[in-house]
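Enquirer: All I have is the shape, not the residue letters:
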């Protein structure tokens, strides 16, 4: 039977619960344990798939096709685990399951209530993360203690500890300990109140992770331990790191966070093995050359909208010992100001997205990268716009477009797959991992170093096969195809330092210690371009 760690948050949101959960997962995994992660989100949406990136940040897609919270990206990047549909549950998903059961008569006419039915379903959801081979399940509860939305989840956690036994469940509370600069004081009262709310529910934290601008002295830690009923050594400080979020696990290791957890559970584990992790951090710190990368997107105001892309660029930057300076460029700005605003960039990346807004700006950015020989990487919609741009400006199809963006275009080089129904926005996409075979001798084949790959998708529209010959005749290489050769997965160009675009999302599979090949090649090319 696995052990369970629950991570909650207090005082304010955005304290880094996901980073804390992922960091602890990494430390435990480095000591030989098998871990998995789970995110419990209090909102009523079934999943974040139809939510605006401005509301929720990026949607992270798992191999089995689940559209999930971006924190699952942190879990995978830190620990290397493969998350699944059982690793993200929302209130909407829980209620959807319950209401379907009620309609089937599964409750035998009973009155369906929050307790025991909703809380019971949450407990079942937590257990679903265990595939029978997991030593530790780490579940993060979204939101902040005191929110109405999270109450059923917290009550479920209280019940879960009763059901599984106290020594099989460990509670970590991530909280803010503010520093008042004018008074020169650290204040513990917000944390005391937050823990008090938890205790009213019946949960007493086993560990406090205290976010603060400054290091906490012994007096503050002693006070927190006393008033929050937590062992002194289990009051852990979490101050901002200097260079990269991937330093956080090392700070927790210095405070023996993993050892405290292991001792509580009575688990035996080996020493930490973190050499690869330290090498990555050394690569970040030692980098001196700066390269400028433009991410030309529709949601440039919100960094979390492209979280995995930004992290993947940093992974590749550390490998090539360069500091990647990100420039979030609004595609609509290019439509009004021209692509020349990109002239000082060492690389141009056009990410995914949905809808017409900003797409002409993306097309202009791609044309600029192609003609000026600037390293280019296109992802999902970025690939589709690369095909549109090439069809218009190289293949002579001047009105080429995607039927998603222009329904009456006479040259829909991007079109729907046969049989798709746009009346069901959540059920028409190609989601999750799909195989792809690579063309021998292509850039894609040399980057991956293998004939067959698997990558994660999230899109509806595809390259229209009726135009493949016309594109190839003008020099576009279709270097990645589905095994039946019916779907185009990767396109690239010869006679260019680096021009490649993919229909899938490579950012979902990049790791600090295992850089994705497409980002690896992109940053290597951008570094060389910068020196020229």
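Expert: Happy to help now that I have it. Given the structure is predicted, the values throughout are model-derived calculations rather than measurements.

Enquirer: pLDDT-wise, which helix or strand of this structure ranks last?
Expert: Across the helices and strands of the chain, the lowest-confidence element by mean pLDDT, DSSP states H and E is helix 53-56, at a mean of 79.

Enquirer: Mind listing what's buried along that one?
Expert: Within helix 53-56, the residues that count as buried by 16 or more other Cβ atoms under 10 Å are 53, 56. Backbone N, C-alpha and C define where each C-beta goes, glycine included.

Enquirer: what sits up against it?
Expert: 48, 59, 69, 70, 299, 301, 302, 304, 305 (Cβ atoms under 8 Å, 6 or more residues apart in numbering).

Enquirer: Quickly find the element holding residue 137.
Expert: Element membership for residue 137, per DSSP states H and E: strand 136-141.

Enquirer: for the very next helix or strand once past that strand, which positions count as buried?
Expert: Scanning forward in sequence from strand 136-141 by DSSP H and E, the next helix or strand is helix 151-164. By 16+ other Cβ under 10 Å, the buried positions in helix 151-164 come out as 151, 152, 153, 154, 155, 156, 157, 158, 159, 160, 161, 164.

Enquirer: and the gap between residue 44 and residue 101?
Expert: 18 Å (Cβ to Cβ, to the nearest Å).

Enquirer: by contact count, what packs against the helix or strand harbouring residue 103?
Expert: Following DSSP H and E, one finds residue 103 within helix 91-104. Applying 3 or more Cβ pairs under 8 Å, 6 or more residues apart in numbering; DSSP states H and E, one finds that helix 91-104 contacts helix 119-127.

Enquirer: how far out from the middle of the chain is the helix it packs on?
Expert: 24 Å (Cα atoms, centre = their mean, to the nearest Å).

Enquirer: just stretch 257-277 next, same as before
Expert: Using Cα atoms, centre = their mean, the offset of stretch 257-277 from its chain centre is 25 Å.

Enquirer: Stretch 12-32 too?
Expert: On Cα atoms, centre = their mean, the centre of stretch 12-32 falls 14 Å from that of its chain.

Enquirer: With stretch 157-167 instead?
Expert: For stretch 157-167, the distance to the chain centre is 30 Å (Cα atoms, centre = their mean).

Enquirer: Same question for stretch 71-78.
Expert: 6 Å.

Enquirer: Please point out which parts of it sit buried.
Expert: 71, 72, 73, 74, 75, 76, 77, 78.

Enquirer: Against which helices or strands is the helix or strand where the fourth one lies packed?
Expert: This means residue 74. In the assignment (DSSP H and E), residue 74 maps to helix 71-79. Here helix 71-79 touches helix 17-30, strand 35-41, strand 60-61, helix 307-319, going by 3+ Cβ pairs under 8 Å, 6+ apart.

Enquirer: now the ones you listed in a markdown table, with mean pLDDT, distance to residue 520 and mean neighbour count?
Expert: A markdown table is the format used below for the helices and strands packed on helix 71-79 (pLDDT from 0 to 100; distance: least, Cβ to Cβ, whole Å; neighbours: other Cβ atoms under 10 Å):
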| stretch | mean pLDDT | distance to residue 520 | mean neighbour count |
| --- | --- | --- | --- |
| helix 17-30 | 97 | 22 | 26 |
| strand 35-41 | 97 | 25 | 26 |
| strand 60-61 | 96 | 21 | 26 |
| helix 307-319 | 97 | 5 | 25 |
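
Enquirer: Nearest to residue 288, out of these?
Expert: helix 307-319 (11.6 Å; Cβ to Cβ).

Enquirer: how much does that closest one deviate in direction from helix 71-79?
Expert: Helix 307-319 and helix 71-79 are oriented at 20 degrees to each other (axes from the mean of the first three to the mean of the last three Cα atoms, to 10 degrees).

Enquirer: Beyond helix 307-319, next helix or strand please.
Expert: strand 322-330.

Enquirer: counting contacts, what elements does that next one pack onto?
Expert: Short answer (3+ Cβ pairs under 8 Å, 6+ apart): strand 322-330 packs on strand 289-297, helix 307-319, helix 517-531.

Enquirer: okay if I get those as TSV plus distance to residue 448?
Expert: Converted to TSV, those look like this (distance: least, Cβ to Cβ, whole Å):
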stretch	distance to residue 448
strand 289-297	21
helix 307-319	15
helix 517-531	5
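
Enquirer: So which of the ones you listed is nearest residue 236?
Expert: Of all these, helix 307-319 comes closest under Cβ to Cβ, at 24.1 Å.

Enquirer: Other residues contacting the closest one?
Expert: By Cβ under 8 Å, 6+ apart, helix 307-319 touches 57-58, 60, 70, 73, 77, 244, 280, 283-284, 287, 291, 293, 295, 303, 323-324, 326, 349, 351, 379, 505-508, 510-512, 515-516, 519-520, 522-524.
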